[in-house]
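1. With the input below, show me the fold.
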Amino acid sequence: MIRVGFLGAGLIATYHSKSLRRCGETITWTGVYDPDGQRAEAFAQASGASVCGSEDEVLDTCDAVYVCTWTSEHRRLVEAAASRGLAVFSEKPLAPTLSDARAMAECVANAGVVNQVGLVLRRSPAFTMLREITHDPKAGRIMSVVFRDDQYIPTQGAYGSTWRGDVARAGAGTLLEHSIHDIDLLEWVIGPIASVTARAASFHEIAGIEDVAVATVGFTSGAIGSLVSVWHDILARPSLRRVEVFCERTWAAVEGDWFGPVTWTQADGTHGKLEGDDLLDAARQVSGEVPNADGAFIRAARTGEAAFPDFAVAVRAHEVADAMYRSAAADGAPIRT
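-> This next block holds a predicted model:
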């Protein structure tokens, strides 16, 4: 049995806790700590965890820990967990800066601890199938990708993450805090990114927090793509993605980031569509597993095998994000990654 602790008890911690109940592993919730006592109490009542009076109390009573705090706290808490030899799951992004992200990856590697990052869309059935369809030799070479990601600014609504409006705690805005997922997916689905140009804006006028970012991406394969990331005030639109990939002989698209639908058209006129349970079944045949990132983390913690995606994978996404920010600061100058 793996004893699991939580540092942070907000929306994302609750998501992971619920996912753990469905993961098929034998676990027990030990402690939870959050500076907001009411939030910690609510999490404890729902999960069965004990409310702890400090971070150390959580770390001293678990085998694996989830770091679900605001971003600026990730490095400190990951280092504390690694020093105890604990398996550690850190939410994305790893850190506010590329240098901190690299330091975190080095820390867990040197400690030899199981580590996983919350880039959960690596296990998305929709993106698993998009990758499978577009990498089929019948599709030909990938030519272009159009990636749009939008949600209402998470300082409000169900997210209620007021810290995301504080650059000292968040590090930046939509590109880092939300579209770190998208950058990771662009490399996983399409291929390595060679260069970027980017621009950013802040319509909400929160210092250091961009709410629009647009990047043009050049891949080492020769493909070209675009990423549009937006935080708006349309509360009826929570977190939505639309991705279109054009290959020489196949067009494919994803609406939504987990259960699709995924649709495609081939040069011979063949059309296809997958969604819901059909999409899940098809993705299982491709990946060979049920897409539960939390179950994968617990299995790795139990067996000592490497978890995936790990901190090293996340560092690469941070490198590309850093290049995009540098390009935006230089008025859209091209930056090699």
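
2. from here on, contacts and neighbour counts on C-alpha atoms
-> Fine.

3. check contacts around Ala64.
-> 2-5, 86-89, 298, 301 (CA atoms under 8 Å, 6 or more residues apart in numbering).

4. do that again at 7 Å, thanks
-> Neighbouring residues of Ala64 by CA atoms under 7 Å, 6 or more residues apart in numbering: 3-5, 86-88, 301.

5. for Ala101, same thing?
-> Ala101 sits in contact with 94-95, 315, where contact means CA under 7 Å, 6+ apart.

6. my guess is Trp264 contacts Gly272, does it?
-> Yes. Here Trp264 lies in contact with Gly272, judged by CA atoms under 7 Å, at a distance of 5.2 Å.

7. Of these two, give the one with the bigger neighbour count.
-> Between Trp264 and Gly272, counted using other CA atoms under 10 Å, the more crowded position is Trp264 (21 against 11).

8. where does that one land in three-state SS?
-> strand (DSSP: H, G, I helix; E, B strand; the rest coil).

9. one step back: kindly indicate which of the contacts of Ala64 lies nearest Ala223.
-> Among the contacts of Ala64, Val88 lies closest to Ala223 (CA to CA), at 35.7 Å.

10. and the closest one, bridged to which residues?
-> For Val88, the beta-bridge partners are Val65, Asn115 (DSSP bridges).

11. That one contacts Asp63, correct?
-> No. Using CA under 7 Å, Val88 is not in contact with Asp63, being 8.9 Å away.

12. With neighbour numbers in mind, choose between these two.
-> Ranked by neighbour count (other CA under 10 Å), Val88 and Asp63 place Val88 first, with 29 against 22.

13. show me the contacts for the more buried one.
-> Val88 is in contact with 64-66, 78, 81, 114-116, counting by CA under 7 Å, 6+ apart.

14. distance of it from Phe203?
-> The spacing between Val88 and Phe203, counted by CA to CA, to the nearest Å, is 36 Å.

15. same deal with Ser47?
-> 39 Å.

16. The two: which has the busier surroundings?
-> Shown here are Ser47 and Phe203; by other CA under 10 Å, Ser47 has more neighbours (18 against 12).

17. quick one: contacts for the more buried one?
-> 17, 29.

18. Let me see the backbone angles for it.
-> With angles defined as degrees, to the nearest 10, Ser47 sits at phi -100, psi -30.

19. cool, Asn292 as well?
-> phi -120, psi 100.

20. contacting residues for it?
-> By CA under 7 Å, 6+ apart, the neighbours of Asn292 are Cys23.

21. residue ranges with poor pLDDT in the stretch 1-150 of the chain?
-> For the stretch 1-150 of the chain, no stretch is flagged by pLDDT under 70.

22. I figured Trp251 hits Val262, correct?
-> No. Trp251 is not in contact with Val262 according to CA under 7 Å; the separation is 10.7 Å.

23. higher neighbour count, those two?
-> Val262 (26 against 21).

24. Not counting sequence-adjacent ones, nearest residue to the more buried one?
-> Val254 (4.7 Å; CA to CA, 6 or more residues apart in numbering).

25. Please tell me how far the one you found sits from Thr216.
-> Val254 is 19 Å from Thr216, by CA to CA.

26. do Ala283 as well
-> 29 Å.

27. out of the two, which sits in the busier spot?
-> Shown here are Ala283 and Thr216; by other CA under 10 Å, Ala283 has more neighbours (24 against 18).

28. who's in contact with that one?
-> 125, 128-129.

29. Leu240: which of these is nearest?
-> Ranked by distance to Leu240 (CA to CA), the contacts of Ala283 are led by Pro125 at 15.3 Å.

30. these two touch, right, the closest one and Asp277?
-> No. Here Pro125 lies out of contact with Asp277, judged by CA under 7 Å, at a distance of 9.8 Å.

31. Show me which of these two is the more surrounded one.
-> Pro125 (31 against 11).

32. Contacts only, for the more buried one.
-> When contacts are counted by CA under 7 Å, 6+ apart, Pro125 touches 258-259, 279-280, 283.

33. how near is the nearest residue to it once chain neighbours are set aside to Gly260?
-> Closest residue to Pro125 apart from its sequence neighbours, by CA to CA, 6+ apart: Ala283 at 5.1 Å. To Gly260, Ala283 is 11 Å away according to CA to CA.

34. just Ile298 next, same as before
-> Look at Ile298 and Gly260: by CA to CA, they are 27 Å apart.

35. now do Val78
-> Taking CA to CA, one finds Val78 at 34 Å from Gly260.

36. sorry, back to before: among the contacts of Ala101, which one lies nearest to Glu187?
-> Closest to Glu187, out of all of the contacts of Ala101 and judged by CA to CA, is Val315, at 12.5 Å.

37. what's the neighbour count on that closest one?
-> Val315, neighbours per other CA under 10 Å, totals 23.

38. Equivalent analysis for Ala321, please.
-> Ala321 has 24 nearby residues by other CA under 10 Å.

39. Go ahead and name everything in contact with the helix or strand hosting it.
-> Assigned by DSSP states H and E, Ala321 belongs to helix 311-329. For helix 311-329, the surrounding residues in contact (CA under 7 Å, 6+ apart) are 98, 101-102, 105, 115-117, 176, 180, 183-184, 196-200, 333-335, 337.
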